[in-house]
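*Asks:* coords please:
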Amino acid sequence: MPYELDEQKKVGLGLIGFGIFFTFLAIILFFDRGLLALGNIFWLTGLGFLLGLRSTLQLFISPRNYKGSFSLLLGIFLVLVRWPVIGLLVEIYGCYSIFGGFWPSIKAFFYQIPILGWIIQYPFLLLNRLRSSSS
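*Replies:* Next comes the predicted model:
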């Protein structure tokens, strides 16, 4: 197996999954502040377990990620001071800013998943076919 998961990484993936679940649940329940905070705590803790403490700190403290790190922490603060919608939007921007370089790898990974890859690629294939037929 090219990439093996030890127990620490499995716990990290589980915590990230719980963080995403609680954030999704908070959005469904009209931006519940407590669930958003719990989702943030689970997500950040899971990221620390998955990457390791040193790699996580290097990711957030790196000079090219200052803007994203500040946005993420500001978003968490805004959620805690009862501005959940704005806080979540700032967090999403911070995550996109920090993890923006990983999108090509994530996209390639999703394309390899049997059904999901076809669903993701289908609109682009359809657009290419429409462009070639209209020319």
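*Asks:* Can you give me the distance of the residue positioned nearest the centre of the chain to Gln8?
*Replies:* Using Cα atoms, centre = their mean, the residue of the chain that lies closest to the mean C-alpha position is Cys95, 6.3 Å off. Going from Cys95 to Gln8 by Cβ to Cβ, to the nearest Å gives 22 Å. C-beta here means a position set from N, CA and C on the backbone, and glycine is covered the same way.
*Asks:* ok, back up a step: now do the contacts for the residue nearest to the centre of the chain.
*Replies:* Gly68, Leu72 (Cβ atoms under 8 Å, 6 or more residues apart in numbering).
*Asks:* same thing but at 7 Å, please
*Replies:* Residues in contact with Cys95, defined by Cβ atoms under 7 Å, 6 or more residues apart in numbering, are Leu72.
*Asks:* list the helices and strands the one helix or strand in the chain whose mean pLDDT sits lowest packs on?
*Replies:* Least confident element among the helices and strands of the chain, by mean pLDDT, DSSP states H and E: helix 114-134 (a mean of 77). Secondary-structure packing of helix 114-134 (3 or more Cβ pairs under 7 Å, 6 or more residues apart in numbering; DSSP states H and E): helix 103-112.
*Asks:* chain center to the helix it packs on, what's the gap?
*Replies:* 14 Å (Cα atoms, centre = their mean, to the nearest Å).
*Asks:* other SSEs contacting it?
*Replies:* Checking 3+ Cβ pairs under 7 Å, 6+ apart, helix 103-112 ends up next to helix 114-134.
*Asks:* Okay then, goodbye and thanks.
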